[in-house]
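Undergrad: following is a predicted model, sequence given first.
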Amino acid sequence: MWARVRGLVLFDFGGTLDADGARWSVRFHAAYRAAGGKQSFAAFDRSFRESDRALERLSGIERLGFRAMVDAQTALLLPRLSDGAGLSPRAIADQFHSSTCTTVRRNEELLERLHQSYHLGVVSNFTGNLERCLEELGVMRFFSVVADSGRVGITKPDPRLFQHALSWPGLVSEPAWMVGDNFESDIRPAAALGLSTAWLAPETEKSRETGIPTVRLQTLSDLGRVLDS
Ligand SMILES: [Mg+2]
C-alpha cells in the first residue's frame, strides 16, 4: 500500500539545495580566494554578475550539465577579474564543484526521506538546464516538477513561476511549502500565495515582514524535523 501523500515541498536550487544559504557569488569568491585571487567580495561580485549575464546568453547553455556549467562560468569570470589571468580555472571550478557535491550528497538523505511522504519540486531562477544539472548531481529522481525560469520564461519573484509548479498535473499541492534562501524571491512571493515558508538564512538576517517566514532554518537538514512535527 502507498502511504498517503502529505503535500508538496518546493525548493529553490542555488543556495538552498547546493549550500546552506550561501549564494553562488559567495561560494565562487571563496574558491577564487583559495586559488590565490586577491579581490574583495565587493569588487569580485561586480565581475561575477557580469559573468552571470554572459552565462545566460551563452549559446547551448540549455544543454550543459552541472560541471560543464561551472567550467563555463569560471571561463567567463576569469577574464573579467584584474588578477584572473594568473589563476587556475580548474582549481576554482574543482572547489566549487566539490563543495556542491558534498552538500547535495548530504541533502540526498533528506530528499530520499521526504520523497516517501511528499511530492517534491524545484522553483529556480536558472538557465534552462536545471533538470540536466539535477540529473548529474543524482537527485532528479526525487522531483515531480522542476520550474526553471530559463525554460518557463518567468522569473522569481513573479508568482507565476510558483503557480506553474503548484498546478503541475498529478501533484498534491495542498498543503505546500516553499524552502529557499532568498527572502525577496523565494519567501515573500510564496507566502503571498498562501504557502508555508522555510527560510534558510543566518540568524543575523532579519525578516522583512511580520508573520513570515513560517520557520527559519540554519541548515537544510533541519527541514525533516520541521515537516515531521
Ligand atoms: Mg537561492
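TA: Noted; the coordinates are in hand.
Undergrad: what residues are up against Ala7?
TA: No Ala there; residue 7 is Gly. By C-beta atoms under 8 Å, 6 or more residues apart in numbering, the contact list for Gly7 reads Tyr118, His119, Val172, Ser173, Glu174, Pro175, Ala176, Trp177. For every residue, glycine as well, the C-beta is placed using N, CA and C.
Undergrad: which positions in this structure make contact with the ion?
TA: The chain has residues Asp12, Gly14, Gly15, Asp181, Asn182 near the ion, with proximity defined as C-beta under 5 Å from the ion.
Undergrad: at 6 Å instead, please
TA: By C-beta under 6 Å from the ion, the residues of the chain that approach the ion are Asp12, Gly14, Gly15, Thr16, Gly180, Asp181, Asn182.
Undergrad: ok, now how distant is Val152 from Trp168?
TA: Look at Val152 and Trp168: by C-beta to C-beta, to the nearest Å, they are 11 Å apart.
Undergrad: quick one: the longest helix seen in the chain to chain centroid distance?
TA: For the chain, the helix with the greatest residue count under DSSP state H is helix 89-114. Centroid displacement of helix 89-114 relative to its chain, using C-alpha atoms, centre = their mean, to the nearest Å, is 12 Å.
Undergrad: that one packs against which elements?
TA: Where contact means 3 or more C-beta pairs under 8 Å, 6 or more residues apart in numbering; DSSP states H and E, helix 89-114 is packed against helix 24-34, helix 66-77, helix 223-228.
Undergrad: what's the local residue count around whatever residue of the chain ends up closest to the ion?
TA: Residue nearest to the ion within the chain (C-beta to the ion): Gly15, separated by 3.4 Å. Counted with other C-beta atoms under 10 Å, the neighbours of Gly15 add up to 21.
Undergrad: from the contact counts, what lies against the lowest-mean-pLDDT helix or strand in the chain?
TA: Each helix and strand of the chain was given a mean pLDDT (mean pLDDT, DSSP states H and E); the minimum falls on helix 223-228 at a mean of 93. Applying 3+ C-beta pairs under 8 Å, 6+ apart, we find helix 223-228 packed against helix 89-114, strand 215-217.
Undergrad: would you mark the buried spots in that helix?
TA: Neighbour-count burial for helix 223-228, with 16 or more other C-beta atoms under 10 Å as criterion, is recorded at Leu223, Leu227.
Undergrad: hmm, who's touching it?
TA: Helix 223-228 has contacts (C-beta under 8 Å, 6+ apart) with Arg6, Val9, Leu110, Arg113, Leu114, Tyr118, Trp177, Val179, Ala198, Val215, Leu217.
Undergrad: now the buried members of those residues.
TA: For those, buried by 16+ other C-beta under 10 Å: Val9, Leu110, Leu114, Tyr118, Trp177, Val179, Ala198, Val215, Leu217.
Undergrad: paired strands for the helix or strand containing the first one, with orientation please.
TA: Right, the one you point to is Val9. Using DSSP states H and E, Val9 maps to strand 8-11. Take DSSP bridges as the rule and strand 8-11 pairs in its sheet with strand 119-124 (parallel), strand 176-180 (parallel).
Undergrad: let me see the domain layout of the protein.
TA: Per automatic domain parsing, the structural domains of the chain span 8-21+102-228, 24-99.
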